[in-house]
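1. Sequence first, predicted coordinates after that:
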Amino acid sequence: MRKIERMWYSQSAPLWLVPFSLFYGLIMSVRSLLYRLGLRHRIKVAAPVIVVGNLTVGGTGKTPLVAWLSSHLAACGMRVGIVSRGYGGKARGVTRVTVHSRPSEVGDEPLLLARRAAATVFIGKDRVAAAQAAVKDGADVVVCDDGLQHLALVRQCEIVVIDGQRGFGNGSVLPRGPLRESARRLRRVNAVVLNGAITAPGFQLPRFVTGTRFDMQMRPGDARPVVGSGALRSLSSFRGAGVHAVAAIGNPQRFFDMLRYAGLTVYEHPFPDHHPFKSGDLNFGDSLPVLMTEKDAVKCAAFADERCWYVPVTAEFAEAEAAALIDLVLARIKAFKTGN
């Protein structure tokens, strides 16, 4: 997978893949058109649906945004249900995720959301069935973690997250590039959230998204022990001898760069996204601290030791942009309730 990603985020993709990408892009365009024309069946659940998704394969920062959005909607007095596919979990059918669920059954991201977000969490490959379960459980609003391309579920608001470090890679759709569908899809979404400053070489947001753009940063918190309930540690307290940094997320480099920005000497250990950790994965032949993401910590708690810490991150917006994004979502929720 790393080799494929290096191809996607460079200009080294072979030309012979171009016809396959053109064919894939055509299929996705026709599929989308059929849904928009009503020629493919779409299902509307009894609550407004907010989709937080992306155009590229892999992580862009959706899950922290889902947690942020769910907490703000809950603060507005709403009961929030979060729906996720549960990638990496073994559970079949629609399953409710609790703080006591096992990551091997429900997946790492849903378990993280169940522990952090002010919401109930349901997983299921069938997003419509999962959303219906959330509504039946009492949700006033459903927030989908991913699912932009699952068009069978009627949604009132679409928010696309873009990783400023990686952009759209080489700009091609699958299999030659990382795009799940054409960037023209951004014309039909309600908001575009840019995760971090744009540093991807040559990447620029299309001009037509200017009015819907929101800039998000990831703010790291104090490190927390993966096991037990010991005292928190500031990132600055790890400066000196160095730390092993472990990340099995869509863009591990973002986590490593965050630690370096805090002044740490980092020994990088990237793993594939959703990697099922084993105890040996955290043994590096020394006693240096091991820092990992919160998403990875939920999978390592069973065998981690006192060397292991995780660094939670929180989505953060400028005050005016945060208010504008919440107002946009609330307006779409109101439109659902009034039938507009």
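-> Sure, I can see it. Keep in mind that what you see is a predicted model, and the values were worked out from it rather than measured.
2. As a check, name the ranges of all helices in the stretch 101-250 of the chain.
-> Applying DSSP state H, counting those that start in this stretch to the stretch 101-250 of the chain gives helices spanning 103-106, 108-116, 127-136.
3. Quick check: what element follows the helix or strand that residue 257 is a member of along the chain?
-> Residue 257 belongs to helix 252-261 when assigned by DSSP states H and E. Downstream of helix 252-261, the first helix or strand assigned by DSSP H and E is strand 266-270.
4. okay, the angle between that next one and helix 252-261?
-> Computed by axes from the mean of the first three to the mean of the last three CA atoms, to 10 degrees, the angle separating strand 266-270 from helix 252-261 equals 170 degrees.
5. ok, whichever helix or strand comes after strand 266-270: who's next to it in the sheet?
-> Next helix or strand after strand 266-270 toward the C-terminus (DSSP H and E): strand 290-293. Partners of strand 290-293 in the sheet, by DSSP bridges, are strand 243-247 (parallel), strand 308-311 (parallel).
6. can you give me how far the last one is from the chain middle?
-> Here strand 308-311 shows a centroid-to-chain-centroid distance of 20 Å under the convention CA atoms, centre = their mean, to the nearest Å.
7. Give the rounded mean pLDDT of it.
-> For strand 308-311, mean pLDDT rounds to 98.
8. What residues of the next helix or strand after it count as buried?
-> Sequence-wise, the next helix or strand downstream of strand 308-311 (DSSP H and E) is strand 313-317. For strand 313-317, burial by neighbour count (16 or more other CB atoms under 10 Å) applies to 313, 315, 317. Every residue, glycine included, has its C-beta placed from N, CA and C.
9. Next, the angle helix 252-261 makes with strand 313-317.
-> Using the same axes, to 10 degrees: strand 313-317 against helix 252-261 is 90 degrees.
10. Now the helix or strand hosting residue 32 - C-alpha only, PDB.
-> Assigned by DSSP H and E, residue 32 falls within helix 18-36. The C-alpha trace of helix 18-36 is given here as PDB (Å, rounded to 0.1, in the frame of the first residue of the first chain):
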ATOM      1  CA  VAL A  18      -4.800   6.300 -17.600                       C
ATOM      2  CA  PRO A  19      -7.500   4.300 -19.500                       C
ATOM      3  CA  PHE A  20      -8.500   2.500 -16.300                       C
ATOM      4  CA  SER A  21      -8.800   5.800 -14.500                       C
ATOM      5  CA  LEU A  22     -10.900   7.300 -17.300                       C
ATOM      6  CA  PHE A  23     -13.200   4.200 -17.200                       C
ATOM      7  CA  TYR A  24     -13.500   4.400 -13.400                       C
ATOM      8  CA  GLY A  25     -14.200   8.100 -13.500                       C
ATOM      9  CA  LEU A  26     -16.900   7.600 -16.100                       C
ATOM     10  CA  ILE A  27     -18.600   4.900 -14.000                       C
ATOM     11  CA  MET A  28     -18.700   7.200 -11.000                       C
ATOM     12  CA  SER A  29     -20.000  10.100 -13.000                       C
ATOM     13  CA  VAL A  30     -22.800   8.000 -14.500                       C
ATOM     14  CA  ARG A  31     -23.700   6.500 -11.100                       C
ATOM     15  CA  SER A  32     -23.900  10.000  -9.600                       C
ATOM     16  CA  LEU A  33     -26.100  11.200 -12.500                       C
ATOM     17  CA  LEU A  34     -28.500   8.300 -12.100                       C
ATOM     18  CA  TYR A  35     -29.000   9.100  -8.400                       C
ATOM     19  CA  ARG A  36     -29.500  12.800  -9.200                       C
END
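11. So what touches that helix?
-> 40, 42, 149, 151-152, 172-177, 180-182, 185 (CB atoms under 8 Å, 6 or more residues apart in numbering).
12. Quick check: strands, which of those residues are part of them?
-> In strands, judged by DSSP state E, none of the contacts of helix 18-36 are found.
13. Just the buried residues out of those, in ChimeraX syntax.
-> A single ChimeraX command selects the buried members of the contacts of helix 18-36 (16+ other CB under 10 Å):
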select :151,172,173,174,175,176,177,180,181,182,185
